[in-house]
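Asks: Just need the structure, nothing else, for what follows:
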Amino acid sequence: MELVVADRCRLGDVRVETRKIADGICDIALHIELEWLVRRKGACVISGRVGNHEFSFGADLSEGRRVITKKLSLEEIGLWYPRPYGPQDLHDVVVRVEDRSGLLDRRTFRTGFRKIELIQDKRPEGCRTFEFRCNGEPLFVTGFNWTPLDAIFARVTPQKVTDRLEELAKIGCNMLRIWGGGIYESAHFFNECDRLGILVWQDFMMAGGWFPQGREFARAMAREAKQVVCGIRNHPCIALYAGDNEIYQMLYREAPEYRKLINNNAITEKTLRNVCRRYDPHVPYLPSSPYSPTGKDHNVDRQGDAHRYVHGQSYRASAIWNSEPRFLSEFGWLSLPSVHTIKKYFPPGDEWPLTSRCWKYHSSNTVFMQQFRGMDHVLRGIDANGRELPENIDQAVRVTQELQAEAVGAWIEHFSGQPDFSGFLLWNVSDCWPEMSDAVMFYEGEKKAVFHRLEEIFTAARREHDRRTGKGAK
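Replies: A predicted model of the protein is given here:
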């Protein structure tokens, strides 16, 4: 929140739109919002630079707001790529408004230039691709779902965000999905993703429920979406907007009596889609995740993105092992945090057995998710994978973390060998409080066993993709 004092004119939003990249030239448009605050007409000069390219032009203004568009062709300017496909070139943008009396207002920020695409081409056999491209280069995505780092949001500091993102970048993470059941992240988060070459899949904050479809809620969501999109659209890391998390899947699979609602979701099919088209038209949009372009079952093989879990079963269970996803936007395996974390947050003696009342309240979610991610799923998963059930908390931590590393490694290796598989987003980076979960890091930032294997796993998966396609990172 800030108090702005202006004399005659102020700069509002400044948007940089990358329109075309070809033959060493990047064509952009600067959309500059000006507000003239006096009744008499005036004249001003708008000047500045984009990287090393300077511009200047005059404008006549009358009372009210106006958006002025200036087209520029930038020669030999460095482009932005996600890691490891190229450099993360970022450029300063400076916009000044002046009249005869001097400087009236000024804006500065950093941005990068790239063309991001989501390709969902039809195949002759009836399926579709699902592939991200940046500046024409096909990408193999190795990433995670990002959830709040702390259940008490005020405890999340910029340094903690930077530390987590740098750890992910080191092991080869090149995309994060901001999950629709969490929160909208800070400007610092997006600045760091720009710097580190990590793409961002941005969900809008709706998850696992049927939301109102009336005009009042639609207007509220449009205002929310506009604020979100206009706040982050100058970041080159933005790769995709998604309307919600798992609502289409829920209606089709978990509440089939409400399947007819799928085709009547005006919030994601119209309201949010229209906001994204208007304010950031060159970034792909999906109404939900998972989402099938056929408009039928929205968590299927061979088209769209998919969410896959087999908690309490063998990780080679047919439900996941025999599937053919084009892109896994959620999957994971449950494991316990460290013994140190457990003993720090549990009352003495309550850390064992795993069926204790205390563990019930430290297992992902205390109500609905007990049906899906409860401690009984951990125990059944150990047994289903041929391991002996643990006899104490030390054994339980060790066996669950070993199984998580084994399952995640096997899945990624298995799917990366499929012809049209283009990447994955593991569920998830870290816990927001001390709990049993699919996360690869504990609440306080310690790493589970799987984390120490992920750099090797990600590298091997990308190499397999490059071998299959004949294309790869620079």
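Asks: wait, what's in contact with the residue nearest to residue 304 when sequence neighbours are not counted?
Replies: Of all residues not flanking residue 304 in the chain, residue 292 sits nearest, at 4.0 Å (Cβ to Cβ, 6 or more residues apart in numbering). Using the backbone N, CA and C atoms, a C-beta is placed for each residue, glycine as well. Residues near residue 292 by Cβ atoms under 8 Å, 6 or more residues apart in numbering: 298, 299, 300, 303, 304.
Asks: Looking at the residues you listed, which are in strands?
Replies: With DSSP state E as the criterion, strands contain none of the contacts of residue 292.
Asks: Adding distance to residue 145, pLDDT and neighbour count, write those residues out as JSON lines.
Replies: JSON lines is the format used below for the contacts of residue 292 (distance: Cβ to Cβ, whole Å; pLDDT from 0 to 100; neighbours: other Cβ atoms under 10 Å):
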{"residue": "298", "distance to residue 145": "17", "pLDDT": "83", "neighbour count": "27"}
{"residue": "299", "distance to residue 145": "15", "pLDDT": "87", "neighbour count": "24"}
{"residue": "300", "distance to residue 145": "20", "pLDDT": "88", "neighbour count": "19"}
{"residue": "303", "distance to residue 145": "21", "pLDDT": "93", "neighbour count": "26"}
{"residue": "304", "distance to residue 145": "17", "pLDDT": "95", "neighbour count": "26"}
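Asks: contact partners of stretch 303-313?
Replies: Stretch 303-313 is contacted by residues 120, 127-128, 130, 246, 249, 286, 289-294, 298-300, 317, 319-320, 323, 325-334, 372-373, 376-378, 380-381, 384 when judged by Cβ under 8 Å, 6+ apart.
Asks: Show me which of those are buried.
Replies: Among the contacts of stretch 303-313, those buried by neighbour count (16 or more other Cβ atoms under 10 Å) are 120, 127-128, 130, 246, 249, 286, 289-292, 298-300, 317, 320, 323, 325-334, 373, 376-378, 380-381, 384.
Asks: center of the chain, which residue is that?
Replies: Note on the chain: the residue nearest the mean C-alpha position is residue 177, at 2.1 Å, using Cα atoms, centre = their mean.
Asks: Hmm, residue 185 and that residue touching each other?
Replies: No - applying Cβ atoms under 8 Å as the test, residue 177 and residue 185 come out as separate, 11.5 Å apart.
Asks: what sits in contact with each of these two?
Replies: Contacts common to residue 177 and residue 185, judged by Cβ under 8 Å, 6+ apart, are residue 146.
Asks: secondary structure element for residue 106?
Replies: strand 102-111 (DSSP states H and E).
Asks: Return the list of helices and strands in contact with whatever helix or strand comes next after that strand.
Replies: As assigned by DSSP H and E, the chain's next helix or strand after strand 102-111 is strand 116-119. The contact analysis (3 or more Cβ pairs under 8 Å, 6 or more residues apart in numbering; DSSP states H and E) places strand 116-119 against strand 131-134, strand 238-242.
Asks: Which element is encountered next along the chain beyond the first one?
Replies: Using DSSP H and E, the next helix or strand after strand 131-134 towards the C-terminus is strand 137-138.
Asks: The contacts of stretch 303-313 in helices, which ones?
Replies: Among these, DSSP state H puts 249, 319, 320, 372, 373, 376, 377, 378, 380, 381, 384 in helices.
Asks: follow-up on the earlier one: any idea which of the helices and strands packed on strand 116-119 gets closest to residue 69?
Replies: strand 238-242 (20.4 Å; Cβ to Cβ).
Asks: for the residue lying closest to residue 36 once chain neighbours are set aside, what are its contacts?
Replies: Distances taken as Cβ to Cβ, 6+ apart place residue 61 nearest to residue 36, at 4.1 Å, with adjacent residues excluded. Going by Cβ under 8 Å, 6+ apart, residue 61 touches 9, 34, 36, 41, 42, 43, 44.
Asks: With that, I have no additional questions.
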